[in-house]
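Engineer: Prediction below, plus the sequence it came from.
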Amino acid sequence: MSVAGINVLVDETRAIQAGGKPPLLSVRGVSTYYGSVAALKGVDLDVGEGEIVTLIGANGAGKSTLMMTVFGAPRARDGSITYEGRDITRLPTHAIARLGIAQSPEGRRVFPRMTVFENLQMGASLHGERHFAEDLEKVCALFPRVKERLHQRAGTMSGGEQQMLAIARALMSRPKLLLLDEPSLGLAPLVVKGIFDAIRRLNREDGMTIFLVEQNAYHALKLAHRGYVLVNGRITMSGTGRQLLDDPAVKAAYLEGGGHGAAPGGAHG
Amino acid sequence: MARTASDAMPAAALPGTAAPAGALGGILRDAALYALVAFGLCVPLVAYRTDPGPEGLVLVPRWGLVAILCGAIFVLRLLQRLLLLRRDARRALTASPAQATEAVAGEPDAGQKTSKVGLKVFVAVALTLPVLATLATGDLASSRYWIDLGILILTYVMLGWGLNIVVGLAGLLDLGYVAFYAVGAYSYALLATTFGLSFWICLPLAGLFAGLWGMLLGFPVLRLRGDYLAIVTLAFGEIIRLVLINWTDVTGGAAGVSSIPRATFFGIPFTADEDGFAAKLGIEFNTMHRVVFLYYLILVLALITNFVTMRLRRLPIGRAWEALREDEIACRSLGIDTTATKLTAFALGAAFGGFAGSFFAVRQGFISPESFTFLESAIILAIVVLGGMGSQFGVAIAAVAMVGGPELLRNLGFLSAVFGEGFDPSEYRLLLFGLAMVAMMVWRPRGLISVRMPSVSLGERRAISGAHVSEGHG
């Protein structure tokens, strides 16, 4: 196993650039503040086309902040975020969404008093009716539960169903890059497995690029091609999913100890 | 995978049936507490009456009345709690009121069905009101009271529907809606008296100006949410009124604008001379023609408001408004420009307020800032809230109750037989208003919640999902 750490990250970035194909999403030196408190302190991260990349970390490490920063709310104070070679750091959230990035936000945030169907219509609001029926069929095939509940109010569904709806809603905009913020949050293991299977299918069959923020490190790393570890607003490690899974520090902090162990990366630099 | 969820849900609903058993003592205590609070309130308010005596004021004790009131409140609270026992138990099981708890909406529920029938009856009565009133009272002239009342109610129905776009659909709490009503009224009044423009030219202009003002207000304040937005709109309503009072050169100040030209039948005036409406039609002149015409005018304006709202609701923009009310952050991440969406809701609501305002001016023939106080905003908002946020028919019913109710009080002469001579029911208007509000908040509180929804923080949402886990959801 190779040494996990900053060096790997740098090497990998170079490798991607050497391959001639720039990453789809590239985060460079991004710092985000809540007031005067820094939540992200110079984060570098790449998501290549067709990849599943996961970001793991403990509570309060800044995972969701990074995901929201990519979406422009809150805005990065320093650094740059590039998508398809275009600087999106200063774009408003809705303009970023229009570039083909979709998000299933933390806590699902479905529209509870609207029906599932209406929720999906909202997801497709960038394209209107153009290929609505076709996309609807597609997400229904991916999540049969959503299809069963099309005319039910979203707020009356279970947490797992709401999570599926949140992902389905994001897919309705035909994104190139799908951001998923803790899709396993508060869900039973069986439901989590179903959702992760769906994510894998999306990536394999449609070649969709997925950036996954997770606390459920084991599942996320097993699923992902590459992963990053975020500790206190800094990326401390990166590598392939397999490498990180086998890394003793990651194991201690996120896989066995349940996240209350010492932060990894401190020893690795 | 999620099959486990549906299996778990009926199990979670079971404890609801067992809950009421040991609750009676608590309910009695609760009712006693209410009676105590009522007593505390009654001591300064009811216990003594001051009557002018031969040597200054005389205090007349009324402890019997206090006892009756406290007793009534005790009994009412007791009944209320007993009746609501089941619902309270059910509600205690629900994770959060923000989670929709109503039944699956696969097909229209009972409420929606009755409102469909009710809507038809309502429209039928509204369309034929002048005829009905004439038949009931004997002749056209004596039906004036009813038609005037109809005009008043329909004006508030229209205002309610206009505000419903902003509050009910988009979830933006607007406490200064009367400002747009005022802009519309003054637009017509000033354009007509200064430039001699006719009502039919001014009507769209008034809506346009009001909509423009809506946007002007919207741009700086729409980043605010919930309570903050409400305060700014409240201030805006007052600012407009104060400007109208103090900008004497243009608005006539507190004296208002008088001798505003009357409405014409698309250019034909309602006068007794040869060019008049009656002469052209070859019928006998009657001042009621104008009143009936005004009635149908406001009816058409109100129906247009309703039609536009219903249409927009089915279009993406209407859906976006509702989604915005539910979750602003989710909306933005779906690529919806929330600022533009809010602005359209605000401007459209304001425009309808402006239409109603110009109608108000043409009907009254005289306007002054006094007609555009905060109380008006409050009444319109109350109509929307009482009617049930976002429900068109509910708003119409609420307008009838809120505007027609006080009129009804005038005719309750028999009450003075019960409460003694000199009892004027219409003096209790605001009290009943308050009672109706409290009753609504007790029985149909969902309306208000939708306004507060967007201010729910991320932390609480986590709590909801956590609660679901413990209940076996997911």
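Structural biologist: Sure thing, it's come through. Residues are numbered from 1 along each chain as shown, chains lettered A, B, ... in the order given.
Engineer: Just the buried positions in whichever strand or helix holds B:L33, please.
Structural biologist: Remark: B:L33 resides in helix B:24-45, with elements defined by DSSP states H and E. Neighbour-count burial for helix B:24-45, with 16 or more other Cβ atoms under 10 Å in any protein chain shown as criterion, is recorded at B:27, B:31, B:34-35, B:38-39, B:42. All C-beta spots, glycine's among them, are computed from the backbone N, C-alpha and C.
Engineer: Next secondary structure element downstream of that helix?
Structural biologist: Counting by DSSP H and E, what follows helix B:24-45 is strand B:48-53.
Engineer: that older thread, of the buried residues of helix B:24-45, closest to chain A?
Structural biologist: B:I27 (29.5 Å; Cβ to the nearest Cβ).
Engineer: Might one say that A:A76 is in contact with A:T32?
Structural biologist: Yes. Counting by Cβ atoms under 8 Å, A:T32 is a contact partner of A:A76 at 5.4 Å.
Engineer: Return every residue with contacts to both of these two.
Structural biologist: Residues touching both A:A76 and A:T32 by Cβ atoms under 8 Å, 6 or more residues apart in numbering or on different chains: A:40, A:69.
Engineer: mind listing the helices for the stretch 1-150 of chain A?
Structural biologist: Here the stretch 1-150 of chain A has its helices, by DSSP state H, counting those that start in this stretch, at A:6-18, A:63-70, A:93-98, A:116-123, A:132-142, A:144-148.
Engineer: can you put those in a markdown table and add mean pLDDT, mean neighbour count and distance to chain B?
Structural biologist: Below are the helices of the stretch 1-150 of chain A laid out as a markdown table (pLDDT from 0 to 100; neighbours: other Cβ atoms under 10 Å in any protein chain shown; distance: least, Cβ to the nearest Cβ, whole Å):
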| stretch | mean pLDDT | mean neighbour count | distance to chain B |
| --- | --- | --- | --- |
| helix A:6-18 | 47 | 14 | 27 |
| helix A:63-70 | 92 | 24 | 9 |
| helix A:93-98 | 92 | 20 | 3 |
| helix A:116-123 | 91 | 24 | 5 |
| helix A:132-142 | 92 | 15 | 11 |
| helix A:144-148 | 90 | 18 | 5 |
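Engineer: how about these in JSON lines, adding distance to B:L132?
Structural biologist: Shown next, in JSON lines, are the helices of the stretch 1-150 of chain A (distance: least, Cβ to Cβ, whole Å):
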{"stretch": "helix A:6-18", "distance to B:L132": "78"}
{"stretch": "helix A:63-70", "distance to B:L132": "59"}
{"stretch": "helix A:93-98", "distance to B:L132": "51"}
{"stretch": "helix A:116-123", "distance to B:L132": "40"}
{"stretch": "helix A:132-142", "distance to B:L132": "47"}
{"stretch": "helix A:144-148", "distance to B:L132": "49"}
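Engineer: Out of these, which gets nearest to B:N246?
Structural biologist: helix A:93-98 (40.6 Å; Cβ to Cβ).
Engineer: residues in contact with that closest one?
Structural biologist: By Cβ under 8 Å, 6+ apart, helix A:93-98 touches A:70-73, A:83, A:88, A:103, A:126, A:173, B:332-338.
Engineer: Mind doing that once more with 10 Å?
Structural biologist: With contact meaning Cβ atoms under 10 Å, 6 or more residues apart in numbering or on different chains, helix A:93-98 is reached by A:68, A:70-73, A:75, A:81, A:83, A:88-89, A:91-92, A:101, A:103, A:125-126, A:170, A:173, A:175, B:329, B:331-341.
Engineer: Tell me which residue in the stretch 201-350 of chain B sits closest to chain A.
Structural biologist: For the stretch 201-350 of chain B, Cβ to the nearest Cβ, closest residue to chain A: B:G335, 3.4 Å.
Engineer: doesn't that residue fall inside a helix?
Structural biologist: No. Assessed with DSSP: H, G, I helix; E, B strand; the rest coil, B:G335 is coil; it does not lie in a helix.
Engineer: Low-confidence bits of chain A, can you list those?
Structural biologist: A:1-20, A:256-269 (pLDDT under 70).
Engineer: residues contacting the residue nearest the centre of it?
Structural biologist: Centroid-nearest residue in chain A: A:L212, 2.7 Å away (criterion: Cα atoms, centre = their mean). By Cβ under 10 Å, 6+ apart, the residues touching A:L212 are A:47, A:52-56, A:67, A:104, A:178-184, A:196, A:199, A:219-221, A:223-224, A:227.
Engineer: Spatially nearest residue to the residue of the stretch 201-350 of chain B closest to chain A (excluding sequence neighbours)?
Structural biologist: A:A97 (3.4 Å; Cβ to Cβ, 6 or more residues apart in numbering or on different chains).
Engineer: ditto for B:A185
Structural biologist: B:G357 (3.8 Å).
Engineer: Check the gap between the one you found and B:A47 for me.
Structural biologist: Per Cβ to Cβ, to the nearest Å, B:G357 is found 45 Å from B:A47.
Engineer: Near residue 200, how many other residues are there?
Structural biologist: I went with chain A, as the question did not name one. 15 (other Cβ atoms under 10 Å in any protein chain shown).
Engineer: that's the wrong chain, I wanted chain B
Structural biologist: Quick note: B:W200 (other Cβ under 10 Å) scores 11 neighbours.
Engineer: One more: A:S158?
Structural biologist: Other residues close to A:S158 by other Cβ under 10 Å number 24.
Engineer: Just confirm it contacts A:R145, I think it does.
Structural biologist: Yes. Using Cβ atoms under 10 Å, A:S158 is in contact with A:R145, at 9.0 Å.
Engineer: Would you map the strands across the chain?
Structural biologist: Answering for chain A, as no chain was given. With DSSP state E, the ranges of strands along chain A come out as A:25-34, A:37-47, A:52-57, A:78-83, A:86-87, A:101-104, A:177-181, A:209-214, A:226-231, A:234-240.
Engineer: That was the other one, I meant chain B.
Structural biologist: Using DSSP E, strands in chain B cover B:48-53, B:56-61, B:264-265, B:268-269.
Engineer: quick one, which of those is packed in tightest?
Structural biologist: strand B:264-265 (a mean of 16; mean count of other Cβ atoms under 10 Å in any protein chain shown).
Engineer: follow-up on the earlier one: residues in contact with the residue of the stretch 201-350 of chain B closest to chain A?
Structural biologist: Neighbours of B:G335 in contact, by Cβ under 10 Å, 6+ apart: A:93-102, A:122-127, A:173, A:175.
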